[in-house]
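Asker: Okay, structure incoming, though there's no sequence with it:
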């Protein structure tokens, strides 16, 4: 089915109002994106941030009357749309295009993350088959990549692991495929728990090997290794809770942290943990260490 897209460049103050106007005028969807290379990496709690310069892209059926759309939107706004630009949108198999975007990723010498629809490049390697679905964690983001690279060089034999904020289950599953005896995944998002279960089965792991649950359903049993790839704010806030899940001399891997936030996160755990040297990829860092008490 062919489409038309309407693009409008505006400012932070007007973006939400124009989005409402486009939906009122019949837009099937409206996306907002940065229009000035101004990434927003971690919003504050309760904040829905927008960029100072924002581009709106609205999707319409190709048969729509563009003049009527602009008239309806202008009536809603009580002013004309700012420099609307209409373009035809290529009709393609968007599901296929999304799948083609993800290709096998080598995270370490013997560890690959392979989309479930791709043939693993090295059959003898540890190949984690992944369908990201709607949950975070494909291996391509620097925070996940840093964790996977570290895991591949840890001694995991006979270890028990907790994947806190498991998303797609990628870290817990990787730990099991790399030799861990048991892993538990937890996340506040039920969709993440479903994705983790599906990906575990895809890799030949059953529910007993990789059970998943909501955080309030976790048992008090301490593990040998905790993986927490979330964000700096929750890592700091949850430090007293997370540390109780790690054995004395157990290992921690904390990620989702910007380089400018690393010192704050490290300080939140310093009374319990001896940290290794930080690892950095782009603007993100990974913090690892050993619980001493």
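Answerer: Happy to help now that I have it. Note that the structure is predicted; figures quoted are calculated from it, not measured.

Asker: Residue 285 sits in which helix or strand?
Answerer: strand 284-291 (DSSP states H and E).

Asker: starting at the chain centroid, how far to that strand?
Answerer: The chain centre lies 19 Å from the centre of strand 284-291; the measure is Cα atoms, centre = their mean, to the nearest Å.

Asker: got the contact list for it?
Answerer: Here strand 284-291 makes contact (Cβ atoms under 8 Å, 6 or more residues apart in numbering) with 142-143, 146-147, 150, 243, 246-259, 262, 265-266, 269, 272-276, 278-280. All C-beta atoms are positioned from the backbone trio N, CA, C, and that covers glycine.

Asker: For it, which strands pair with it and how are they oriented?
Answerer: Strands that pair with strand 284-291, judged by DSSP bridges, come out as strand 246-258 (antiparallel), strand 273-275 (antiparallel), strand 279-281 (antiparallel).

Asker: which one of the ones you listed lies closest to residue 208?
Answerer: Nearest to residue 208, of all the strands paired with strand 284-291, is strand 246-258, at 21.1 Å by Cβ to Cβ.

Asker: contacts for that closest one?
Answerer: The contact list for strand 246-258, computed with Cβ under 8 Å, 6+ apart, reads 41-42, 143-144, 146-147, 150-151, 154, 165, 222-232, 235, 242, 265, 269, 273, 283-293.

Asker: Tell me the buried residues within these.
Answerer: Among the contacts of strand 246-258, those buried by neighbour count (16 or more other Cβ atoms under 10 Å) are 143-144, 146-147, 150-151, 154, 165, 222-232, 235, 242, 265, 269, 273, 284-289, 291.

Asker: In strands, which of the residues you listed appear?
Answerer: 223-229, 273, 284-289, 291 (DSSP state E).

Asker: Of those residues, which one scores lowest on pLDDT?
Answerer: Least confident of these in the model: residue 284, at 91.

Asker: circling back to that earlier point, quick one, the strand holding residue 285 and strand 223-229 angle?
Answerer: Calculated by axes from the mean of the first three to the mean of the last three Cα atoms, to 10 degrees, strand 284-291 forms an angle of 160 degrees with strand 223-229.

Asker: so where is this protein shaky, pLDDT-wise?
Answerer: For the chain, applying pLDDT under 70 flags the ranges 1-2, 35-51, 90-101, 132-137.

Asker: mind pulling up the phi and psi values for residue 8?
Answerer: phi -140, psi 130 (degrees, to the nearest 10).

Asker: So the closest residue to it other than its chain neighbours: helix, strand or coil?
Answerer: Spatially, and ignoring its direct neighbours in sequence, residue 8 is nearest to residue 56 (4.8 Å; Cβ to Cβ, 6 or more residues apart in numbering). Secondary structure, DSSP: H, G, I helix; E, B strand; the rest coil: residue 56 is strand.

Asker: got the contact list for stretch 11-31?
Answerer: Contacts of stretch 11-31 (Cβ under 8 Å, 6+ apart): 6, 8, 10, 32, 50-54, 56-61, 64, 68-70, 72-74, 76-77, 81-82.

Asker: Flag every buried residue along it.
Answerer: For stretch 11-31, a neighbour-count test (16+ other Cβ under 10 Å) marks 14, 15, 18, 19, 21, 22, 25, 27, 30 as buried.

Asker: So what's the residue count around residue 61?
Answerer: When counting by other Cβ atoms under 10 Å, one arrives at 11 neighbours for residue 61.

Asker: Show me what the residue nearest to it when sequence neighbours are not counted is bridged to.
Answerer: Nearest residue to residue 61 in three dimensions, chain neighbours excluded: residue 3, at 6.7 Å (Cβ to Cβ, 6+ apart). Beta-bridge partners for residue 3, by DSSP bridges, are residue 61, residue 89.
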